[in-house]
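J.: only geometry, no sequence info:
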C-alpha cells in the first residue's frame with residue numbers, strides 16, 4: 001500500500017505527457033468530479049514532474065489545470081445542488097447525516113459560506129468535498145466559483161512547483177508520493193474518527209435532553 005501511489009504515479013507519466021495541456025484540463029476536472037479518486041496531491045506533482053523534465057511549460061499547464069479544476073468543481077456543485085438534498089434526506093442516516101445536520105449546514109453556509117469555500121481549498125479532505133455541502137446549501141454559484149478559484153490557485157501552484165523541483169530525481173519523486181499517501185491516509189482517518197465522535201456526542205446530548 002505504501003508504494004501504491006508512487007507506482008501508479010510514475011507509470012502514468014507517459015500517458016499524461018502524450019495528452020498534453022488538454023489532458024491536464026480533463027484530468028484536473030475529473031479529479032474534482034470524482035471527489036479525489038485521482039488525488040490532487042498526486043496529480044499536480046505529476047504535471048510538475050513533466051515540467052521539470054521539459055515536457056510541458058509551467059504557465060500553460062498551471063492555467064489549464066486550474067481551469068479544469070474549476071470546471072470540475074462547477075459540475076460537482078450542480079450535481080449536489082440538484083439532487084444532493086433529496087439524496088441526503090433519504091439515505092443520509094446511513095452516513096450519520098440527518099435533517100438537523102442539513103439545517104445546521106444551511107445556517108453555516110449562509111453565514112460563512114464564502115470563507116468555508118476559500119479556506120477549505122487548503123485542507124486535504126475538505127478541499128475534495130467542499131463543493132458538496134456548498135451545492136446542497138445553495139450558496140451563490142458565481143461566488144462559489146470565484147472563491148474556489150482564489151483558494152485553489154496557491155494550492156495548485158505549490159504542488160506543481162514541488163513536482164517540478166523533483167523532476168530530476170525519480171526516486172525522490174516516488175518518496176514524495178509515499179509521504180503524501182501516508183499524510184492523506186492519516187488525515188482521512190482523523191476526519192472519520194472526528195465525524196463519528198461528533199455524531200455520537202450529539203446523539204448522546206439529544207438523548208439526555210429527551211430524558212430530562
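T.: Right, received. Where do you want to start? All values derive from a computational prediction rather than experimental measurement. Numbering: from 1, shown residues only.

J.: counting neighbours, what do you get for residue 85?
T.: Applying other CB atoms under 10 Å, we find 18 residues neighbouring residue 85. C-betas here are computed from N, CA, C, even on glycine.

J.: measure it to residue 136 for me?
T.: Computed as CB to CB, to the nearest Å, the residue 85 to residue 136 distance reads 5 Å.

J.: now do the shared contacts for these two.
T.: residue 102 (CB atoms under 8 Å, 6 or more residues apart in numbering).

J.: and the nearest residue to residue 47 once chain neighbours are set aside, what helix or strand is that in?
T.: Leaving aside its sequence neighbours, residue 47 sits nearest to residue 61 (CB to CB, 6 or more residues apart in numbering; 5.4 Å). Element membership for residue 61 (DSSP states H and E) is helix 58-91.

J.: list the buried ones in that helix?
T.: Under the neighbour-count criterion of 16 or more other CB atoms under 10 Å, helix 58-91 has 61-62, 64-66, 68-74, 76-77, 80-81, 84-85, 88 buried.

J.: where do the helices of this protein begin and end?
T.: 4-33, 40-52, 58-91, 99-120, 126-129, 131-137, 141-165, 170-211 (DSSP state H).

J.: give me the helices and strands touching the fourth one, please.
T.: With contacts defined as 3 or more CB pairs under 8 Å, 6 or more residues apart in numbering; DSSP states H and E, the secondary structure elements packing on helix 99-120 are helix 58-91, helix 131-137, helix 141-165.

J.: buried ones in it?
T.: Buried positions in helix 99-120, judged by neighbour count with 16+ other CB under 10 Å: 101, 102, 105, 106, 109, 113, 114, 116, 117, 118, 120.

J.: could you give the angle of that helix to helix 141-165?
T.: Following axes from the mean of the first three to the mean of the last three CA atoms, to 10 degrees, one obtains 50 degrees for the angle between helix 99-120 and helix 141-165.

J.: residue contacts, the residue nearest to residue 47?
T.: 21, 24, 47, 50, 51, 160.

J.: who's in contact with residue 154?
T.: Neighbours of residue 154 in contact, by CB under 8 Å, 6+ apart: residue 122.

J.: before we move on, the earlier item: okay if I get the contacts of residue 61 as JSON lines plus distance to residue 146 and neighbour count?
T.: Output for the contacts of residue 61, formatted as JSON lines (distance: CB to CB, whole Å; neighbours: other CB atoms under 10 Å):
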{"residue": "21", "distance to residue 146": "24", "neighbour count": "16"}
{"residue": "24", "distance to residue 146": "22", "neighbour count": "27"}
{"residue": "47", "distance to residue 146": "24", "neighbour count": "29"}
{"residue": "50", "distance to residue 146": "29", "neighbour count": "23"}
{"residue": "51", "distance to residue 146": "27", "neighbour count": "22"}
{"residue": "160", "distance to residue 146": "21", "neighbour count": "27"}
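
J.: make JSON lines out of those residues and add pLDDT.
T.: Shown next, in JSON lines, are the contacts of residue 61 (pLDDT from 0 to 100):
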{"residue": "21", "pLDDT": "93"}
{"residue": "24", "pLDDT": "91"}
{"residue": "47", "pLDDT": "88"}
{"residue": "50", "pLDDT": "87"}
{"residue": "51", "pLDDT": "89"}
{"residue": "160", "pLDDT": "90"}
